[in-house]
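[1] When you get a sec, could you give me coordinates for this:
(6 chains)
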Protein chains: 6
Amino acid sequence: MANKVVTFGEIMLRLTPPNYLRFVQAESFDVTYGGGEANVAVSLANFGEDAYFVTKVPDNPIGQAAINHLRRYGVKTDYILKGGERLGIYFNEIGASQRPSVVVYDRSHSSISEAKPEEFDWDKIFEGAKWFHFTGITPALSDNMAQACLDAVKKAKGKGITVSCDLNYRKKLWSKEKANKVMSELIKYVDYAIGNEEDAEMVFGIKASSSDVTKGELNEEGYKEVAKELLERFSLKGVAITLRESFSAFDNGWSALYYDGEDYYRSRRYMIHIIDRVGGGDSFAGGLIYALLNNYSPKDAVEFAVAASCLKHTVVGDFNHVTLNEVTALMKGDASGRVQR
Amino acid sequence: MANKVVTFGEIMLRLTPPNYLRFVQAESFDVTYGGGEANVAVSLANFGEDAYFVTKVPDNPIGQAAINHLRRYGVKTDYILKGGERLGIYFNEIGASQRPSVVVYDRSHSSISEAKPEEFDWDKIFEGAKWFHFTGITPALSDNMAQACLDAVKKAKGKGITVSCDLNYRKKLWSKEKANKVMSELIKYVDYAIGNEEDAEMVFGIKASSSDVTKGELNEEGYKEVAKELLERFSLKGVAITLRESFSAFDNGWSALYYDGEDYYRSRRYMIHIIDRVGGGDSFAGGLIYALLNNYSPKDAVEFAVAASCLKHTVVGDFNHVTLNEVTALMKGDASGRVQR
Amino acid sequence: MANKVVTFGEIMLRLTPPNYLRFVQAESFDVTYGGGEANVAVSLANFGEDAYFVTKVPDNPIGQAAINHLRRYGVKTDYILKGGERLGIYFNEIGASQRPSVVVYDRSHSSISEAKPEEFDWDKIFEGAKWFHFTGITPALSDNMAQACLDAVKKAKGKGITVSCDLNYRKKLWSKEKANKVMSELIKYVDYAIGNEEDAEMVFGIKASSSDVTKGELNEEGYKEVAKELLERFSLKGVAITLRESFSAFDNGWSALYYDGEDYYRSRRYMIHIIDRVGGGDSFAGGLIYALLNNYSPKDAVEFAVAASCLKHTVVGDFNHVTLNEVTALMKGDASGRVQR
Amino acid sequence: MANKVVTFGEIMLRLTPPNYLRFVQAESFDVTYGGGEANVAVSLANFGEDAYFVTKVPDNPIGQAAINHLRRYGVKTDYILKGGERLGIYFNEIGASQRPSVVVYDRSHSSISEAKPEEFDWDKIFEGAKWFHFTGITPALSDNMAQACLDAVKKAKGKGITVSCDLNYRKKLWSKEKANKVMSELIKYVDYAIGNEEDAEMVFGIKASSSDVTKGELNEEGYKEVAKELLERFSLKGVAITLRESFSAFDNGWSALYYDGEDYYRSRRYMIHIIDRVGGGDSFAGGLIYALLNNYSPKDAVEFAVAASCLKHTVVGDFNHVTLNEVTALMKGDASGRVQR
Amino acid sequence: MANKVVTFGEIMLRLTPPNYLRFVQAESFDVTYGGGEANVAVSLANFGEDAYFVTKVPDNPIGQAAINHLRRYGVKTDYILKGGERLGIYFNEIGASQRPSVVVYDRSHSSISEAKPEEFDWDKIFEGAKWFHFTGITPALSDNMAQACLDAVKKAKGKGITVSCDLNYRKKLWSKEKANKVMSELIKYVDYAIGNEEDAEMVFGIKASSSDVTKGELNEEGYKEVAKELLERFSLKGVAITLRESFSAFDNGWSALYYDGEDYYRSRRYMIHIIDRVGGGDSFAGGLIYALLNNYSPKDAVEFAVAASCLKHTVVGDFNHVTLNEVTALMKGDASGRVQR
Amino acid sequence: MANKVVTFGEIMLRLTPPNYLRFVQAESFDVTYGGGEANVAVSLANFGEDAYFVTKVPDNPIGQAAINHLRRYGVKTDYILKGGERLGIYFNEIGASQRPSVVVYDRSHSSISEAKPEEFDWDKIFEGAKWFHFTGITPALSDNMAQACLDAVKKAKGKGITVSCDLNYRKKLWSKEKANKVMSELIKYVDYAIGNEEDAEMVFGIKASSSDVTKGELNEEGYKEVAKELLERFSLKGVAITLRESFSAFDNGWSALYYDGEDYYRSRRYMIHIIDRVGGGDSFAGGLIYALLNNYSPKDAVEFAVAASCLKHTVVGDFNHVTLNEVTALMKGDASGRVQR
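    Have a look, this model is predicted:
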């Protein structure tokens, strides 16, 4: 029996030069659509949940194409508003070896960032819902969106809906100070928080003792401290931290830590040869939400989420096009990549 | 000996679904860059003139790619400013038969529209220049750009530089009233005006007696009246009107009328099976400027301009990638399309 | 307020060599999915109706991709069954000028053709439905599907649901004799019949006096006779006949005739330069159903349907990706193909 | 029972910008291989004859790819020599509407042009052969090739093999004077000559009274004179002249005239919307040879050859990928382009 | 002097999403053709042998395209039958890192699987042949094909033709029990058997002591036992076992073991970064047959076969497009991947 | 303030099969343009210098496209001559894992190789220049080019322009003896020499003690000897040697050694997963020239050059599309490939 899950945020048009070309060489862009919360919704739809994505897109064919892209992968788009000026865009150049991926954002003035809080009818949206998820990107889009998030989490809390938040700090959208102020209010209504190595420090000033992410070294003890402080400071039910080791644009180590207030659960670590790393964190969030919704043990939940997001790195685009069976097979140990006939 | 020509306006990223796909079907976009005045600059560079395009683009790889695109086709980019928020974008779906092309603009907040008039050093830009060209799109972008245009035409006038303007009314950018007000001031400094069937009416209320452009019928006498009134009201040296007969998205009639205050010169009429009609008018302007700069007779000037723009309709993208020899051959009568070995 | 419409039949994987290549040259195939009734469902979804498509697809990624393709364009796939051996395939080589398009079918043993009648829960499927549509292809797939169609039309009739049928004779699927026998039973439950120049003759032996379709000549009086006899023999509410004049693989005349038992309504005739003619008839059916559902006058209904299907010929793939506004604009007379900005 | 036919000449790598791009825009080239006599061989293989193509290609992967391309389409490559410096190349930009196709040759120093006459073992090559075909391009490549052609036609004549020659004058390869001298010797051994509107004049100074090919007007009587003079002056068994009317790069009229010394046979005239016109004349030659080999009547022979070459204009590349059935169907009158299911 | 080698089996249309896309994302499929025995034939043709592939394909353009694909790469197709219902298809999604490749078969009812044993004229086919090769896939297609294989191996044996068999167990085609029964009869006529880690166990119940293929660990001693038992139980002349270590979908170890009844020959082990692993085993068989036919020592034979198949993993498609020189260079030790100029 | 740098040599059309296809499989070629000295010019233009490339190209659209390609990336083309027969071509098949890249040259008879020394007006070309660079390829093209190089270096020396030379021995262009003779004269005017592991030996017989480049082992001490002997024998100011360790076509180690007559500077060593290795050495030269021109310390110069060329291996095509900031970031240590937002 599918659970109704609601995610809220921006969906952008993503434009990517094909075949490892750089922007200045490209004569065509591959077209997909994505965004933190939309990516989570697709993951959940793929795992069989009733995933609704809430946003606002312009009433033009580009906005329609974004909706169609979500529908194609099973996301329910009934609550998506139409109007406003434009769909946000991001240009994504895929890196290779020592050459990093480059993201150029062109997301200002998007329909969702200029939507008004009162346009969203949370009572209707949350009817029958079990879970609400957003990321730190949505409130960073504008004061209106910060307010809309606050409306949503309060309403969700009032209805007994579980709330999760991926901190996802974006320095181009707001300052650390602004993020701290807004997120400190929002997190009061959050049950589960997710972050990567930097988010907790950027948003809440909670810092792992010493880890230089550009060196690809992990500081496991430090992350435990961070998880613990996050959980305790904000009375969370669980905190998950994804741990990326960047050896090159092609090769990353990928694992996670989950803390439920009692124990720390350190996942298996995957050495990934990357096809597309955008949406890696979102696919982790999608996997974790699925696992928690379906009462996986903490250990299994983090393993499921890491396996799901390991696979995301091998899938083109923002969305994680993998099935429940595929994630489970990897989680259970078959990382051999043998042909499935 | 090449003449220095300056054009001023916006260059946009153009995104086009390939192979006649509609926006909602597209998984990739063909990438080019274009815009009215940039298109004119490319035409002039192809004909051997020293064409400078003046604009402002963001200081990121997308802005750089726009510059590179111009450089590739020989346009001088020395005076292009860098900064601001974004490069304007337009999405262009290619029509077919009874299905019209669709253009979705996403050009607000572009670097050029938000540039300040004083950023442009017209003294330096106009050093040694013979001709200045702009279209009605540039002043429509913002009050700042309207002012920048006024600065430019005044400076050009003061230096004895010939000024041409393609009226190019864009209803999504400004109202008829606003256009009338701004353009009435600018046109005082213009020597040559170019327009299509609708521009004179939209901008100055000068209307051809009766012609329904959706029917593909031409009203030649009416256009003569329009040309005459334009020339006389604004003391112009010449007025050119392009005449498009739209039979379908594939099949158009294409010709032009030129009035020099003494005689009317009606060009040959081409029946074109269209590959890409964007930039058709701009390629006419480019051809006309070239011909006038090089002292073609009025008859030859309009024939050269129409032949050049006829060929543009067979070229993919905004730019008119044709050589002087190719235009001359068509102008002299070989429209047989026989293979050139 | 959207109406629930149900269509029933096969969706196939369509494989098309790109860029006018012949099969023996192709190193890649463009991938779409389509089929008579699926195509009708997409048309209706595009016009805003609640369109449900009923079929059975294999439980593998190719079957899932077919479902996703329908979902992307707004068709409801809730009643699609999963199982069986394979998805039917058709290879479609696009013709050019005097070279005809070639279709190679590989549809035997498909999941839908081998599905059993009792697998379809028509009571549930028809809950709240206003209209049911199928074509002559579905009962031709197998005896099981003929029975399923009979179950469906009987159930629909019992529930007061309007039933339409596109005769769509396919000589590779069944003989004229078999078609006559099966369709004669099914048509008893049909309200509106649609056919092209040949269907009525092939299925019911009702023949237009004299028209050689390979010559591209129309015999309007003959088609009136056919429409009249169809309506009267089977007590139909309306009969529509599409009239294709094949001048070449690129150039077709396209129009239709509608007879409501009282008057004949002959539509406008479009001369189309074709991009993709597959699904032309289906898009007519989709347009007609929409118009009748929304109480258009007979004249307007046939004009809307012909305008919709005229546009289909300009759209790549089986599906008719056009909006209500686009069809209405063409129907109202703007066939000029002028750019929509 | 297949007949052994031998053709002799150059096969080149053909590089074509995709999607109507101009050379200066292209970031990729479509790759095919072709050349007058190779094209004839493919036509004959497609019609079921044992077609052997004789040439020399470099012993590198590009030469091998040319051989593979021929093998793929059924041409026997047993007598192809390997060695020499390079494979000839031609760049082919596809025209559109008033913009002509452009061919840039880069064929100098090719392996075949620098091969020595004695490398070809004509005794072995002609074992069991019924027909030998070459064009005026081969002897124009070099003095060595002119000698090789002379060796071949003498040997063929001695063995009672029918010889055909497509005059195919190429002004970039030799002067009219040189052509006249060489071809006057070769044609003594020829049974059937083929040419277009210009060849007879360029090579032998035999001129149609008055026809301006750039105007697309035909001068049927003039061509009859040309055919008659060719046949009589060189004691030929038959002369065929292809008649192209160039209205634009897209639209051509296409027909032919055949003279067997007794009667003139004027073929049906096709109005073609062109996909790729390269190899049009070669496909006519291939069709004519097939028809004469298989004892078609003169009328049927020219109709078959024109129908075959009409279809070539709709096929991408140099080669005519059509079957005997397809040509016969068109020859018998179905030019409607209706879908073949 | 080339040896005539005959292989017998199915050739399928292979459809592959480009650029690591998953099936549900693909809008186009790359098209190739392949199948175990066809792949072996191409290897042998590339090495200079006279390789004949025997099969049956439908008499339609898709069947013709399969033949053309073989001809292109030098395989003789003279004995290929035409007729039956369809060409088998397999969909092949390329894996990446921890995401495995996925193969969806759609091969039922293919022309070859439904061909009758008496359609194959083995006397004619084997005229002058030196070697016959088939795999365990062919008899698994149908009882008819099992009988055809039996006819073929008996006839081959009678004529003194060497017979090789790649066990190639396919669980989707038949049960272990059925395979055991059929293959036990066929192997009586086989001289050389080839298998991978699992085949001997699945078909004959001969099991390597302990090796978990999903872990990528090799059990060399176990494989020696397997090879020995196979050779001795069935009186074979030689047994080869390919050893794949699957570290991920990108990274595999690849080596082989050969046993000639006297000694074990363990090949060099290659660490391969994979482009396309389909046909890896077939290219090993092709290499081994070539080496044995040309009297390589056992050590050289297995090294040649492993080097050939190492290279196959770097080639797109089923076929191993490498030359004798390239394999020899790798076999002799240059795996540095330095540019060959 | 940008420095004027002049490079002199050949630019070729580069044709590359896409997606790791082999030549015999390719149906299209990706098109770029490149050549040793052109590649250096692009590097310098990207770093902000005034880079002029001097060559001769044919006066046709292919020659123009080469010029446009250079202009696009900021290279000044003012001194490029037009005329001659053809643009040199090279076919470049991209290798994978154990399969090496293959380069097929088709560069004979190119416009530049047949240009005459006196066509180049070195006085004008060197006006205001600071640096002149050429490689050993240019004098190898023809005696004329050897003379042109000698003219250039003498003129440069006379004007106090710094001269650098990349030895770049090409065995297909000339013998070791010829190279030795020509280069021994040219090097007298050179200030800085660059070479790889083999160049010094091939050209001057200066050999590193023992290093087998196919094994991927480095012999650092040996290279020091080579650098020392080169510098001392020819009175150079600096010698740089690039050190490539070829583990496979995908994986290379990359580093360099610089000797300024006093100390040896061994750079950081990068393990690169290669996208396109062509132009790797040229990008090193470009980086070194930039660093020396801008007075980097020897240590920083070699680190900058190695970082720049490390990045080149991740960029498609011959040219190194990287910015000063990107190289500096890598040089300063961030090789983590983390996304740049």
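[2] Residue most distant from the centroid, chain A?
    In chain A, the greatest distance from the average C-alpha position (CA atoms, centre = their mean) is reached by residue A:341, at 31.6 Å.
[3] which residues touch that one?
    E:103, E:105, E:170, E:171, E:172 (CB atoms under 8 Å, 6 or more residues apart in numbering or on different chains). Bear in mind the C-beta positions are built from the backbone N, C-alpha and C, glycine included.
[4] Generate a PyMOL selection restricted to the buried subset of these.
    With 16 or more other CB atoms under 10 Å in any protein chain shown as the criterion, this PyMOL line picks the buried residues out of those:
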select buried, chain E and resi 105+170
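[5] Out of the contacts of residue A:341, which comes closest to chain C?
    Using CB to the nearest CB, residue E:105 is the member of the contacts of residue A:341 that sits closest to chain C, with 9.3 Å.
[6] ok, which pair from the contacts of residue A:341 is furthest apart?
    Spatial extent of those (CB to CB) is set by the pair E:103 and E:171 at 12.1 Å.
[7] Output the contacts of residue A:341 as a markdown table; include the columns distance to chain D.
    Below are the contacts of residue A:341 laid out as a markdown table (distance: CB to the nearest CB, whole Å):
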| residue | distance to chain D |
| --- | --- |
| E:103 | 26 |
| E:105 | 26 |
| E:170 | 29 |
| E:171 | 35 |
| E:172 | 31 |
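[8] Just the C-alpha atoms of the helix or strand containing residue A:202, please, in CSV.
    Under the criterion of DSSP states H and E, residue A:202 resides in helix A:199-204. Taking Å, rounded to 0.1, in the frame of the first residue of the first chain, the C-alpha atoms of helix A:199-204 are listed here in CSV:
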residue,chain,number,x,y,z
ASP,A,199,25.9,21.7,5.6
ALA,A,200,25.8,21.6,9.4
GLU,A,201,28.7,23.9,9.6
MET,A,202,27.4,26.4,7.1
VAL,A,203,23.9,26.5,8.4
PHE,A,204,24.3,26.0,12.1
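[9] now check it, is it near chain F?
    No: using CB under 8 Å from any CB of the partner chain, we find that helix A:199-204 stays clear of chain F, coming within 13.0 Å at best.
[10] what's the model's confidence in whichever helix or strand comes after that helix, averaged?
    Note on helix A:199-204: by DSSP H and E, the next helix or strand toward the C-terminus is helix A:220-233. Mean pLDDT, computed over helix A:220-233, is 94.
[11] Equivalent analysis for stretch A:193-213, please.
    Rounded mean pLDDT across stretch A:193-213 is 83.
[12] Would you mind listing the buried residues in that stretch?
    Going by neighbour count (16+ other CB under 10 Å), the buried part of stretch A:193-213 is A:193-197, A:199-204, A:206, A:208, A:211, A:213.
[13] Give the buried residues for the helix or strand containing residue A:328.
    Assigned by DSSP H and E, residue A:328 belongs to helix A:324-331. Within helix A:324-331, the residues that count as buried by 16+ other CB under 10 Å are A:326, A:327, A:329, A:330, A:331.
[14] Pick out the most distant pair among those.
    By the measure CB to CB, A:326 and A:331 form the most distant pair in these, at 9.6 Å.
[15] And the contacts of the helix holding residue A:202?
    A:136, A:167-169, A:171, A:176, A:179-180, A:183-184, A:195, A:206-208, A:226, A:229-230, A:233, A:241.
[16] Would you mind checking those for buried ones?
    In the contacts of helix A:199-204, burial by neighbour count holds for A:136, A:167-169, A:179-180, A:183, A:195, A:206, A:208, A:226, A:229-230, A:241, counting by 16+ other CB under 10 Å.
[17] what's around residue A:158, how many residues?
    12 (other CB atoms under 10 Å in any protein chain shown).
[18] how close does it sit to chain F?
    Going from residue A:158 to chain F by CB to the nearest CB, to the nearest Å gives 36 Å.
[19] Pull the contacting residues for that residue.
    No contacts exist for residue A:158 under CB under 8 Å, 6+ apart.
[20] circling back: which among the buried residues of helix A:324-331 are in contact with chain E?
    Contacts with chain E within the buried residues of helix A:324-331, counted by CB under 8 Å from any CB: A:326, A:330.
[21] for the buried residues of helix A:324-331, which one is nearest chain B?
    Out of the buried residues of helix A:324-331, the member with the shortest distance to chain B (by CB to the nearest CB) is residue A:326, at 22.8 Å.
[22] Kindly confirm whether my reading is correct that residue A:139 touches residue A:182.
    Yes: taking CB atoms under 8 Å as the definition, residue A:139 is a contact partner of residue A:182 at 5.0 Å.
[23] Near chain B, which residues of chain A are found?
    Near chain B, when you scan chain A using CB under 8 Å from any CB, you find A:15, A:18, A:22-24, A:26-32, A:60-62, A:64-65, A:68, A:85-87, A:89, A:91, A:93, A:102, A:104, A:106, A:108-109.
[24] Nearest to the spatial middle of chain A, which residue is it?
    Among the residues of chain A, the one closest to the centroid is residue A:282, at 2.6 Å (CA atoms, centre = their mean).
[25] Next, count neighbours for residue A:322.
    24.
[26] Identify the spatial nearest neighbour of the residue in the stretch 101-250 of chain A that chain D sits nearest to, chain neighbours not counted.
    Going by CB to the nearest CB, chain D is nearest to residue A:102 of the stretch 101-250 of chain A, at 20.4 Å. Distance criterion CB to CB, 6 or more residues apart in numbering or on different chains; nearest residue to residue A:102, sequence neighbours excluded, is residue A:93 at 4.2 Å.
[27] Run through the residues that contact that neighbour.
    Contacts of residue A:93 by CB under 8 Å, 6+ apart are A:16, A:17, A:21, A:22, A:23, A:101, A:102, A:103, A:104, B:61.
[28] State the pair within those that is farthest apart.
    Largest separation among the contacts of residue A:93 by CB to CB: A:21 and A:103, giving 15.4 Å.
[29] so who does the residue nearest to residue A:78 when sequence neighbours are not counted touch?
    Using CB to CB, 6+ apart and skipping residues adjacent in sequence, the residue nearest residue A:78 is residue A:52, 6.8 Å away. Listed by CB under 8 Å, 6+ apart, the contact partners of residue A:52 are A:4, A:5, A:6, A:7, A:41, A:75, A:76, A:77, A:78, A:79, A:125, A:129.
[30] show me what contacts the fifth one?
    This means residue A:41. Contacts for residue A:41 (CB under 8 Å, 6+ apart) come out as A:5, A:7, A:51, A:52, A:53, A:70, A:75, A:286.
[31] what are the ranges of the helices in chain A?
    Secondary structure of chain A, counting by DSSP state H: helices at A:36-46, A:61-72, A:122-125, A:137-140, A:143-158, A:176-186, A:199-204, A:220-233, A:280-293, A:298-312, A:324-331.
[32] Thank you kindly, that will do.
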